[in-house]
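K.L.:
Provide a 3D model corresponding to the input given below.
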Amino acid sequence: MSDDFFAMPKVTFKYRVRTDGEDICHVSDKEGNPFEWEDVTSEQIFGGKRVVVFSLPGAFTPTCSTMQVPGFEAIYDEIKEQGVDEVYVISVNDTFTMRKWMIDQGVKKIKFIPDGNGEFTRLMGMLVDKSNLGFGMRSWRYAMVVTDGRVEWFQQEAGRCDNADSDPYEVTKPEEVLGYLKAVKPLMEG
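P.N.:
Below is the predicted model:
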């Protein structure tokens, strides 16, 4: 990847958000539906701030659930100390699945981006066919730092292809992202 920044794709994500003011991880017993649809654009997520985004093949999958999401949640505060406004996880899953997974994972800090149609992932060039595993179209694993809607740093796992035999998890770990942020922080401050 070159040192040149590239702009984030312009897409609209479909979220289901609570209307009763309760925390996202609180499950309501109330009758009725305390949720409504909300369109959130990539400009709203990435514009005017510095964020970390990591992508994974799917909610509730083994590596994503036992290492990747818990790893980013564990060092969230350290990442934010490096001049980052927010940390997001994105997956080709709908908002219902992503929300339930975040609740199941006990996530309190990182936020999710539901790319249910895979549009953002496709425009990033990271959409791969995982039909060999019964997953259909999913995201290849990657991580990036985005500043005001432009990619500052990007890493993807090796071997990206349709129906890959493996699912590597090496260069997109939270420690790799944190290492980059710590290395560039003095340059940004100086």
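K.L.:
which strands and helices sit next to whichever strand or helix holds residue 79?
P.N.:
Assigned by DSSP states H and E, residue 79 belongs to helix 76-80. Counting contacts by 3 or more Cβ pairs under 8 Å, 6 or more residues apart in numbering; DSSP states H and E, helix 76-80 is packed against strand 86-91, helix 174-189. Bear in mind the C-beta positions are built from the backbone N, C-alpha and C, glycine included.
K.L.:
Once you drop chain neighbours, what's closest to residue 144?
P.N.:
residue 154 (4.4 Å; Cβ to Cβ, 6 or more residues apart in numbering).
K.L.:
Show me what counts as buried in the strand or helix carrying the one you found.
P.N.:
Using DSSP H and E, residue 154 sits within strand 150-156. By neighbour count on 16 or more other Cβ atoms under 10 Å, the buried set for strand 150-156 is 151-156.
K.L.:
before we move on, what about stretch 53-71?
P.N.:
Quick answer for stretch 53-71 (16+ other Cβ under 10 Å): 53-59, 61, 64-65, 68-69, 71.
K.L.:
I'd like those laid out as JSON lines, including distance to residue 111, pLDDT and secondary structure.
P.N.:
Output for these, formatted as JSON lines (distance: Cβ to Cβ, whole Å; pLDDT from 0 to 100; DSSP: H, G, I helix; E, B strand; the rest coil):
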{"residue": "53", "distance to residue 111": "10", "pLDDT": "98", "secondary structure": "strand"}
{"residue": "54", "distance to residue 111": "11", "pLDDT": "97", "secondary structure": "strand"}
{"residue": "55", "distance to residue 111": "14", "pLDDT": "97", "secondary structure": "strand"}
{"residue": "56", "distance to residue 111": "14", "pLDDT": "94", "secondary structure": "coil"}
{"residue": "57", "distance to residue 111": "19", "pLDDT": "91", "secondary structure": "coil"}
{"residue": "58", "distance to residue 111": "18", "pLDDT": "88", "secondary structure": "coil"}
{"residue": "59", "distance to residue 111": "14", "pLDDT": "90", "secondary structure": "coil"}
{"residue": "61", "distance to residue 111": "19", "pLDDT": "88", "secondary structure": "coil"}
{"residue": "64", "distance to residue 111": "16", "pLDDT": "88", "secondary structure": "helix"}
{"residue": "65", "distance to residue 111": "17", "pLDDT": "86", "secondary structure": "helix"}
{"residue": "68", "distance to residue 111": "15", "pLDDT": "93", "secondary structure": "helix"}
{"residue": "69", "distance to residue 111": "12", "pLDDT": "95", "secondary structure": "helix"}
{"residue": "71", "distance to residue 111": "16", "pLDDT": "96", "secondary structure": "helix"}
